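>>> the following comprises the amino acid sequence and a computationally predicted model.
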Amino acid sequence: MRKTTLLLAVLMTFALLPQLGSAAAPGPGDPIVGTGTVHGGLYPYDFWFADPAIGSFTEISLATGHKVTFAGIFHDVAEPNNPGWMATQIKLEEAWTAKATPFSNLEFKEAVPDDGTADALYIAEGGRDADLVVWANALDGWLATGVDRSLIIAPLQEMNGDWVPYGMDPVNFQRAYVHIKDTIEGIVHPSRLDKIRWAFAPNGWSKPPWSLADYYPGDDVVDVLAISAYNFGATPDNVWQTPAQAIQPWVDELRAMSPGSADKPYLLSQTGSVTAGGPKSQWIRDVFTFVEDDPNLVGLVYFNITNGWHPDWDWRFWPTGNPNFGYAGWRDAVQSPTTSYQWPLINWFQPGALPFDQYPPDPGACPDGFTCDEIALVNPGSQVNLYEEIVSGATVSQYWFGNPGDVPLMGDWNGDGVDTPGMYRTSSGFVYVRYTNDTGDADFEFFYGDPGDIPIVGDWDNDGYDTVAIYRNGQVYISNVLGGVALPEDVYWFGTPGDRPFAGDFDGDGDDSVGLYRESTGQVYFRNTLDSGEADFDFLFGIAEDKVMAGDWDGDGDDTVAVYRPSSGMVYFKFDHTTGVADYELDVGTGFIAANRAGD
């Protein structure tokens, strides 16, 4: 059967399918919402013309009961003239027939490898205009076939590296981007220009010496900011990352490019997770939540494709026959009430700028003008994730310290007012600390305690320095000197073997004392002095799996508890010493083994 005949057959079949996940189109004045809902999208594993049973929009929408708002497409500017490639109009029409708006990546491949016909300078000076004109006419022909047909074009995507021939040339990339836009808009009929939006779509990570801002062609040229960011998992030279770890730094960099870039809608134009190293289905659920919480992100286009030249990079959530692919996570995410389906995107394609409604970001637990503690989370690979604020979308600093199996610590070891990493090696009883929040060797190390002891970090005497105490089978050993102490200053009994110790200034008097968490019951109790006796406070909070810590989360001067729950990826904060539900919640993602407070 000829490909065109097969295409018509598939399109006719799709027309008979029930209209799943439909939603009323908004009016022209409705804004694009930046927080609270997510537009899903995907790059299909294969297009229908190759095999309608593999990864098609049709099969996935039937399996989940929901369509997707965006269809990711890769175009080559020469494709209309190349009979070996699927033509521009067929690609666009397949997406449109699936009731999805195309997100079209427009590439310029070299006519002959290494002949320079695809570098940014050659494109900017019109060297590929013959192909570009043909492509623009094909695009105009498709737009003309229906009044609502529309698309987002991302010229020369992922230009910020040497992985593409037009990369590593910011000045000429900007020229090429504007030249492509001007050429296409000069060919498309003026009545149809409102049906095109223009995206700036770099890779998240930029190869030095340039940053995203160096490539940005300007607020007046770009309608939508997009980014490619992936979780490469436990593949060679990589570690498992949550959506916040894999994506947040690059989204923040987009916001910082210019004053206008912080006021535009963003898309994850390419994203996905591998399986190695963590739960792929949960990652997919979490990335939808991540987009939902960000004030700029409005949607994501999942890369449901395997990388043929890198066997570890299989991003697919489909087909369902392989339980590792993550289909369950995709199904749950698109069925969430916060996932929005819209087609056609009428409010995206009107005259003028996009009507973007950026809700204010999460205010966090710490009121404006107050100083509050932060948190540091550590994964099994000993990567520290230091949150600069307790707020959704906070900047997260990442670095490595220690070895897998070490007990992670955080403390102000040198009295400079900043908490930095430490670790306790249970196999030897050695403590290693570093004075800066970055990867590197220990600045100081010492032996303290016995193998199997549980370390506790605190400022026990209000001198501005944190030191390490030991909890051993219900007995507390306090030292006010960091290393070099033969005997502890205070030794006393508190709690029972099996309790999990933590430290905090629970009464706001300036020095820390010891708290305990009884995992079997969720009981929290502590004393405000370093001696034996009944608990000064005793209440229930959390469950057995939780990782407990204490800090001044709301700036009122005393420390209260918080717990990180690995199964949900949430941190739950209490602002007082009472039983009850959390006063504040923060989604940080799964995959961490330890949680510590981090002071300013």
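In hand now; what should we look at? Just so it is clear, the structure is predicted and the values come from calculations on it, not from any experiment.
>>> I figured residue 413 hits residue 466, correct?
Yes - at 6.2 Å, residue 413 counts as touching residue 466 under the criterion of CB atoms under 8 Å. For every residue, glycine as well, the C-beta is placed using N, CA and C.
>>> which residues are common contacts for these two?
Contact with both residue 413 and residue 466 is made by residues residue 482, according to CB atoms under 8 Å, 6 or more residues apart in numbering.
>>> residue boundaries of the strands in the stretch 201-350 of the chain?
224-231, 266-273, 297-303, 339-340 (DSSP state E, counting those that start in this stretch).
>>> closest to residue 118 out of the ones you listed?
strand 224-231 (18.7 Å; CB to CB).
>>> want to throw the strands of the stretch 201-350 of the chain into a markdown table with mean neighbour count, mean pLDDT and distance to residue 389?
As requested, the strands of the stretch 201-350 of the chain are exported to a markdown table (neighbours: other CB atoms under 10 Å; pLDDT from 0 to 100; distance: least, CB to CB, whole Å):
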| stretch | mean neighbour count | mean pLDDT | distance to residue 389 |
| --- | --- | --- | --- |
| strand 224-231 | 24 | 97 | 21 |
| strand 266-273 | 28 | 97 | 20 |
| strand 297-303 | 27 | 96 | 18 |
| strand 339-340 | 20 | 92 | 27 |
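>>> out of those strands, which gets nearest to residue 324?
With CB to CB as the measure, strand 266-273 is the member of those nearest residue 324 (11.0 Å).
>>> would you put the C-alpha positions of the closest one in CSV?
Only the C-alpha atoms of strand 266-273 are listed here, as CSV (Å, rounded to 0.1, in the frame of the first residue of the first chain):
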residue,chain,number,x,y,z
TYR,A,266,7.2,28.8,28.8
LEU,A,267,7.0,25.3,27.5
LEU,A,268,9.1,22.2,28.2
SER,A,269,9.5,21.7,24.5
GLN,A,270,11.4,18.4,25.0
THR,A,271,11.5,16.5,28.2
GLY,A,272,11.6,12.9,29.4
SER,A,273,13.1,10.4,31.8
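>>> what angle do it and strand 224-231 make?
20 degrees (axes from the mean of the first three to the mean of the last three CA atoms, to 10 degrees).
>>> could you say what helices and strands strand 266-273 packs with?
With contacts taken as 3 or more CB pairs under 8 Å, 6 or more residues apart in numbering; DSSP states H and E, strand 266-273 sits against strand 70-76, strand 101-107, strand 224-231, helix 243-255, helix 280-293, strand 297-303.
>>> so what's the closest residue in space to residue 510 that isn't next to it in sequence up against?
Leaving aside its chain neighbours, residue 510 sits nearest to residue 462 (4.1 Å; criterion: CB to CB, 6 or more residues apart in numbering). Contact partners of residue 462, counting by CB under 8 Å, 6+ apart, are 509, 510, 511.
>>> re the thing from before, please convert the strands of the stretch 201-350 of the chain to TSV, extending it with distance to residue 103.
Formatted as TSV, the strands of the stretch 201-350 of the chain follow (distance: least, CB to CB, whole Å):
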stretch	distance to residue 103
strand 224-231	8
strand 266-273	6
strand 297-303	6
strand 339-340	16
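>>> now do the helices in the stretch 251-400 of the chain.
280-293, 327-334 (DSSP state H, counting those that start in this stretch).
>>> which residues does the last one contact?
Translated: helix 327-334. 21, 38, 40, 63-64, 66, 68, 279-285, 287-288, 302, 317-320, 339.
>>> the strands of the stretch 201-350 of the chain: which one's closest to residue 124?
strand 224-231 (21.0 Å).
>>> mind giving me the packing neighbours of that closest one?
Counting by 3+ CB pairs under 8 Å, 6+ apart, strand 224-231 packs on strand 196-200, helix 243-255, strand 266-273.
>>> how about the ones you listed, which one is nearest residue 497?
helix 243-255 (35.5 Å).
>>> now do that closest one: distance to the chain's middle.
6 Å (CA atoms, centre = their mean, to the nearest Å).
>>> equivalent analysis for stretch 151-167, please.
For stretch 151-167, the distance to the chain centre is 21 Å (CA atoms, centre = their mean).
>>> and the end-to-end length of it?
24 Å (CA to CA, to the nearest Å).
>>> can you give me the buried ones in that stretch?
For stretch 151-167, the neighbour count (16 or more other CB atoms under 10 Å) marks 151-160, 164-167 as buried.
>>> between these, which is nearest residue 211?
residue 160 (8.0 Å).
>>> which element, helix or strand, includes residue 89?
Take DSSP states H and E as the rule and residue 89 turns out to sit in helix 88-97.
>>> just name whatever secondary elements that helix is in contact with.
Partner elements for helix 88-97 (3+ CB pairs under 8 Å, 6+ apart): helix 3-15, strand 70-76, strand 101-107, helix 129-143.
>>> lowest average pLDDT across these?
Of all these, the minimum mean pLDDT falls on helix 3-15 (a mean of 32).
>>> following it, which helix or strand comes up?
Criterion used, DSSP H and E; the element after helix 3-15 is strand 32-33.
>>> after that following strand, which helix or strand is next? Please name it.
By DSSP H and E, the next helix or strand past strand 32-33 is strand 38-39.
>>> hang on, the earlier thing: pick the most buried one from the helices of the stretch 251-400 of the chain.
helix 280-293 (a mean of 24; mean count of other CB atoms under 10 Å).
>>> rebuild the helices of the stretch 251-400 of the chain as CSV, extending it with mean pLDDT and distance to residue 262.
Formatted as CSV, these follow (pLDDT from 0 to 100; distance: least, CB to CB, whole Å):
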stretch, mean pLDDT, distance to residue 262
helix 280-293, 93, 16
helix 327-334, 92, 27
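>>> take those and write them to a markdown table, including distance to residue 365.
Output for those, formatted as a markdown table (distance: least, CB to CB, whole Å):
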| stretch | distance to residue 365 |
| --- | --- |
| helix 280-293 | 15 |
| helix 327-334 | 27 |
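>>> among these, which is nearest residue 435?
Here helix 280-293 is closest among those (CB to CB), at 32.4 Å.
>>> what's the closest non-adjacent residue to residue 548?
residue 517 (4.3 Å).
>>> contacting residues around residue 110?
116, 117, 118, 165 are the contacts of residue 110 under CB under 8 Å, 6+ apart.
>>> name whatever forms a beta bridge with residue 539.
residue 524 (DSSP bridges).
>>> that should have said residue 513, apologies.
residue 504.
>>> please report how far it lies from residue 537.
Going from residue 513 to residue 537 by CB to CB, to the nearest Å gives 11 Å.
>>> tell me the pLDDT at residue 27?
69.
>>> can you pull out the low-pLDDT segments for the stretch 501-600 of the chain?
600 (pLDDT under 70).
>>> repeat that for 90
Scanning the stretch 501-600 of the chain with the threshold set as pLDDT under 90 gives 519-522, 544, 567-569, 580-581, 587-591, 599-600.
>>> what segments of it are helices?
Using DSSP H, counting those that start in this stretch, helices in the stretch 501-600 of the chain do not occur.
>>> can you show me the strands along it?
513-518, 523-526, 537-540, 547-551, 560-565, 570-573, 584-587, 594-598.
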